[in-house]
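**Q** Okay, here's the prediction I keep looking at, along with the sequence it came from:
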Amino acid sequence: MTGESAFIDSLRALATHPAARGLEDDAAVLEVGGETLVLTHDTIVSGVHYLPFQDMADVAWKLVATNLSDLAAKGAEPVGILLSHMLSTNDDRFVEGLTEVLETYECPLLGGDTVSSDGPPTYGVTAIGRAAHSPVPSRGGAQIGDGLYITGAVGAAMLGFEALRDATGADTSAYLRPIPLLTEGQALAPLATAIMDVSDGLLLDASRIAQASSVTLDIDTASVPIATSEERRDEALRWGDDYQLLFTAPINASSPVNAAHIGEVIEASDSPILLNGTAPERSSPLGYSH
């Protein structure tokens, strides 16, 4: 067994509860009494998900915001978080950033765990949300004839990372402090046939929607809004960390949010995605994978 996808595939035999959605979604959807809860968990590691010299206040913000982005993709409103924290010399700054993000999104800290280790600093959050619409949209509902849409530009996080790494003085906010689109996700939940946030790259995440929905997505790459130069369009489509919402919806539906129409849902083919009608090169990664 090698790689992220292979490991997740090995877990599917254990994830038999309906709430797990076959591990094909951004989050678990759990019916409890008269409520529908949405639960998600993300972990970040120094040197993998953030640069070791970053301000820990920004790390705390990003840790929570990326989890809230998964709730946004389910049209959920935050109920609270559980925190897994590795103790370090910068805990005061971490708490400052954690306070900022939780107050911004009115999301309380409910509990968690602390550990210490000689390994790279590692932090995790479990976010709990309440579904604002039923049924809760998934990755797996795209229908042939739907349009493919995205709520904003990709590539800003890539530029922010490069500015931070190279200390150019350019804007780093998109990389350091992503914005979970909670309001947009709640507005889209009644309309979207499939939806997820763009965390690992537009092309890779589009392929996940296609595979979960048993369709192919034909992407018009020139229609995708980008935050970088035209020469770097292909990089922007694959880099990730932008946390825009990628969704499918009936082609003639009126969207409640601003979104760019970037492709079509077509019958399944040998490739989950097409780029301007052509399957991408198999040797080229579609996005980020551990």
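**A** Structure received.

**Q** residues in contact with stretch 130-139?
**A** Applying CB atoms under 8 Å, 6 or more residues apart in numbering, the contact partners of stretch 130-139 are 21, 24-26, 29, 35-38, 73-77, 79, 186, 188-190, 192-196, 208-209, 212-213, 247. C-beta: built from backbone N, CA, C; applies to glycine.

**Q** What mean pLDDT does it get?
**A** Throughout stretch 130-139, pLDDT has a mean value of 93.

**Q** With stretch 16-36 instead?
**A** The model assigns stretch 16-36 a mean pLDDT of 82.

**Q** buried sites along it?
**A** Neighbour-count burial for stretch 16-36 flags 20-21, 24-30, 36 (criterion: 16 or more other CB atoms under 10 Å).

**Q** rewinding a little: keep only those of the contacts of stretch 130-139 that are in strands.
**A** 29, 35-38, 76-77, 79, 194-196, 247 (DSSP state E).

**Q** could you pull out the strands for the chain?
**A** So, for the chain - with DSSP E - the strands run 28-32, 35-45, 76-86, 109-115, 122-131, 147-150, 194-197, 215-219, 245-249, 260-267, 273-275.

**Q** So which of the ones you listed is nearest Glu235?
**A** Across the strands of the chain, Glu235 has its closest neighbour in strand 273-275 (13.8 Å, CB to CB).

**Q** gap between the closest one and the chain center?
**A** Computed by CA atoms, centre = their mean, to the nearest Å, the separation of strand 273-275 from the middle of its chain amounts to 20 Å.

**Q** Same check on stretch 27-46?
**A** Worked out by CA atoms, centre = their mean, stretch 27-46 lies 14 Å from the chain centre.

**Q** Restrict it to CA atoms and write it as PDB.
**A** Coordinates of each C-alpha in stretch 27-46 appear next as PDB, following Å, rounded to 0.1, in the frame of the first residue of the first chain:
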ATOM      1  CA  ALA A  27     -17.200  15.600   5.700                       C
ATOM      2  CA  ALA A  28     -19.400  13.100   7.500                       C
ATOM      3  CA  VAL A  29     -23.100  13.800   7.700                       C
ATOM      4  CA  LEU A  30     -24.700  12.400  10.900                       C
ATOM      5  CA  GLU A  31     -28.400  12.400  11.700                       C
ATOM      6  CA  VAL A  32     -28.900  12.900  15.500                       C
ATOM      7  CA  GLY A  33     -32.400  13.300  16.700                       C
ATOM      8  CA  GLY A  34     -33.900  16.100  14.700                       C
ATOM      9  CA  GLU A  35     -30.600  17.600  13.700                       C
ATOM     10  CA  THR A  36     -28.200  16.900  10.900                       C
ATOM     11  CA  LEU A  37     -24.600  17.300  12.000                       C
ATOM     12  CA  VAL A  38     -21.600  17.800   9.600                       C
ATOM     13  CA  LEU A  39     -18.200  16.700  11.000                       C
ATOM     14  CA  THR A  40     -14.800  17.100   9.400                       C
ATOM     15  CA  HIS A  41     -11.200  16.800  10.500                       C
ATOM     16  CA  ASP A  42      -8.000  18.300   9.100                       C
ATOM     17  CA  THR A  43      -4.400  18.200  10.200                       C
ATOM     18  CA  ILE A  44      -1.500  20.400   9.400                       C
ATOM     19  CA  VAL A  45       2.300  19.700   9.800                       C
ATOM     20  CA  SER A  46       5.200  22.100   9.800                       C
END
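
**Q** Any regions of the stretch 151-290 of the chain where pLDDT drops low?
**A** 283, 288-290 (pLDDT under 70).

**Q** Before I go, just wanted to say thanks for your time.
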